[in-house]
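Q: starting from these lines, generate the structure:
(2 chains)
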Amino acid sequence: MTSSKHFSVTVRVWRQAGPAEPGKMVSYRVKDISPDMSFLEMLDILNDELIKKGETPIAFESDCREGICGSCGLVVNGDVHGPDEHSTVCQLHMRRFRDGDVITVEPWRVKAFPVLKDLVVDRSALDRMIAAGGFISVNTGAAPEANSIPVEKDKAEEAMDAAACIGCGACVAACPNGAAMLFTGAKISQLALLPQGGPERSARALNMVAAMDKQGFGNCTNEYECEAVCPKEVKVANIARMNREFLLANLLSKK
Amino acid sequence: MNLTFIKRFITTSIGRKALMAVSGLALGGFMLVHLAENLLLFKGEAAYNAWVDLLLSNPVTPFLEVGLLALFIAHIITGVWVRVEDFINAPRGYEARKWQGGRTIGSATMLYTAAAILGYLAYHLLTFRFVDHSMGFYQMVTAAFRSPVFVTVYIAGAVALALHLSHGMQSAFQTLGVNHPKYTPLIKTGGLLVAVAMTGFALISLYYLLNIDLKAAEAGYQVVVIR
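A: Now for the predicted structure:
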């Protein structure tokens, strides 16, 4: 069942030697591509060629290559995470392209995610928001009996849907304003929906929003481009929940 | 006295957006009331002027006017602030950029329709509010509605308003944290209906503009109606 229809494409890639260096788009011809290859495998092949020629390979991030780790993230022909809907770019396959195609590959161009090298950006702004409150504080020890804290089925499902966020940053890259509210909304929601997140709910909402505002993200204008590209289909209802959590915490908490 | 909560409404992204949403919803509500007032024109001169007299003789009215001005100012300041920050932080430099279907015409043009509405408001105030009212309000309004220039501005303004509200009404609820599988579809439909209702301002003025043509026809002029 292997396809013998190997083909060639031209990739136009953003090359940038370092954070302070100027970058530019560079074109490379990649030959003998199988339609069964993943997009990142195609970049691997291109990098092999570059190494053989003594050139610096293209830096890009990837880890699991099965769409669950959140490491990869490229803008392919203007599509965040590529043309497939609700998918990470590692799940994109070359059968989506035709012989002779010119493919534009760019990093997330977000102010809060500076480019480190080529297609790799620094997404530690997201980590700083988690550090500000995206956790629960509990004493360590033996794991408690799972059924000792009952959780409503629907709430558990909603929390799980929010927790599906892999922190890839696509929502920010796709947002017309560079806002990170889908990410922050998901992280606040996954804990706000569960009893374990209850005790620190107010402080979490206030602290995470304050941290978000410090990172240089834009403001949400409810354009919902984030929801349209999210590989994990995280819903904008999570942004509304964050707004609710924040506004109520601001009005009702003693802080 | 702990006033941090007031500070947070002004200094945080979500606080500012909440102020913009609340002032926007209140202004939308005002526009609906104002449209209802305009519909009184159809009840005739006496009914319309009686309402205006009632409004102007009420001692509370000047306070309501100041409140309305405050809503506009709050909405404009928070709106501009949000968009300036967005302009600074927006992703920039994509060689290719495709929108994925989240944006609507209304949402993508909020800033432009806002500017158009502000212009429309200025024109409206200069022609109706800060002028000599001695001819009577009904006469003033219907005379203005017979001017093609005036009606053109009104149509442009009403369309901008409708576009602005097509995104703004439902967006305000989301900003205030109201997103619910049962109510959000109703809110979205309701927001669109309010937006469509704003074309009423244009339709009322058009009604009077076309009336003059009918009267001209009665007077013996030939009127060509292009369908």
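Q: the residue nearest the centre of chain A: what's it in contact with?
A: Centroid-nearest residue in chain A: residue A:168, 1.5 Å away (criterion: C-alpha atoms, centre = their mean). Neighbour list for residue A:168: A:70-73, A:81, A:88, A:231 [criterion: C-beta atoms under 8 Å, 6 or more residues apart in numbering or on different chains]. Backbone N, C-alpha and C define where each C-beta goes, glycine included.
Q: go with 7 Å
A: Residue A:168 makes contact with A:70, A:73, A:88, A:231, according to C-beta atoms under 7 Å, 6 or more residues apart in numbering or on different chains.
Q: ok, of those residues, which one's closest to residue B:2?
A: Lowest distance from residue B:2 to the contacts of residue A:168 (C-beta to C-beta) belongs to residue A:70, with 39.0 Å.
Q: write out the residues of the stretch 151-255 of chain A neighbouring chain B.
A: By C-beta under 7 Å from any C-beta of the partner chain, the residues of the stretch 151-255 of chain A that approach chain B are A:173-174, A:176-178, A:209-210, A:213, A:216-225, A:227-229, A:236-237, A:240-241, A:243-244, A:246-247, A:250-251, A:255.
Q: does the residue nearest to the centre of chain A belong to a helix, a strand or coil?
A: coil (DSSP: H, G, I helix; E, B strand; the rest coil).
Q: check what pLDDT it gets.
A: Per-residue confidence at residue A:168 stands at 97 (pLDDT).
Q: which residue packs closest to the residue positioned nearest the centre of chain B, ignoring adjacent ones?
A: By C-alpha atoms, centre = their mean, chain B has its centre lying nearest to residue B:161, at 4.6 Å. Spatial nearest neighbour of residue B:161, excluding adjacent residues (C-beta to C-beta, 6 or more residues apart in numbering or on different chains): residue B:198 at 4.4 Å.
Q: need the residues that contact the strand or helix carrying residue A:242.
A: According to DSSP states H and E, residue A:242 maps onto helix A:237-252. Contact with helix A:237-252 is made by A:162, A:181-182, A:184-186, A:188-189, A:192, A:201-202, A:205-206, A:209, A:220, B:5, B:8, B:14-15, B:18, B:174-179, as judged by C-beta under 7 Å, 6+ apart.
Q: do that again at 6 Å, thanks
A: Outside helix A:237-252, the residues within contact range by C-beta atoms under 6 Å, 6 or more residues apart in numbering or on different chains are A:162, A:181, A:184-186, A:188-189, A:192, A:202, A:205-206, A:209, B:5, B:8, B:14, B:18, B:174-175, B:177, B:179.
Q: mind checking the SS state of residue A:26?
A: With three-state DSSP as the criterion, residue A:26 reads strand.
Q: beta partners for it?
A: For residue A:26, the beta-bridge partners are residue A:13 (DSSP bridges).
Q: picking that back up, the residue nearest to the centre of chain A and residue A:91: what is the separation?
A: Plainly put, residue A:168 is 12 Å away from residue A:91 if you go by C-beta to C-beta, to the nearest Å.
Q: please apply the same query to residue A:213.
A: Counting by C-beta to C-beta, the gap from residue A:213 to residue A:91 is 33 Å.
Q: go on, residue A:45?
A: Distance, residue A:45 to residue A:91, by C-beta to C-beta: 18 Å.
Q: between the two, which is the more surrounded one?
A: Set residue A:45 next to residue A:91 and count neighbours by other C-beta atoms under 10 Å in any protein chain shown: residue A:91 wins out with 19 against 16.
Q: got the phi and psi for the residue of the stretch 1-150 of chain A found nearest chain B?
A: Relative to chain B, the nearest point of the stretch 1-150 of chain A is residue A:78 (3.2 Å; C-beta to the nearest C-beta). The phi/psi pair for residue A:78 (degrees, to the nearest 10) reads phi 90, psi -10.
Q: and the pLDDT for residue B:223?
A: Per-residue confidence (pLDDT) for residue B:223: 49.
Q: how far away from the center of its chain is stretch B:17-26?
A: Computed by C-alpha atoms, centre = their mean, to the nearest Å, the chain-centroid distance of stretch B:17-26 equals 14 Å.
Q: what's the average pLDDT for that stretch?
A: Within the predicted structure, the mean pLDDT of stretch B:17-26 is 97.
Q: name the surrounding residues that touch that stretch.
A: A:247, B:9, B:71, B:74-75, B:78-79, B:168, B:172, B:175-176.
Q: run through the residues of chain B sitting next to chain A.
A: B:5, B:8, B:12-14, B:18, B:82, B:85-86, B:89-98, B:100-103, B:107, B:171, B:174-175, B:177, B:179 (C-beta under 6 Å from any C-beta of the partner chain).
Q: kindly recompute the last result at 7 Å.
A: Residues of chain B lying near chain A (C-beta under 7 Å from any C-beta): B:4-5, B:8, B:12-15, B:17-18, B:82, B:85-86, B:89-103, B:107, B:110, B:171, B:174-179.
Q: now residue A:79. Nearest residue, chain neighbours left out?
A: With sequence-adjacent residues excluded and distances taken as C-beta to C-beta, 6+ apart, residue A:79 is closest to residue B:98, at 5.5 Å.
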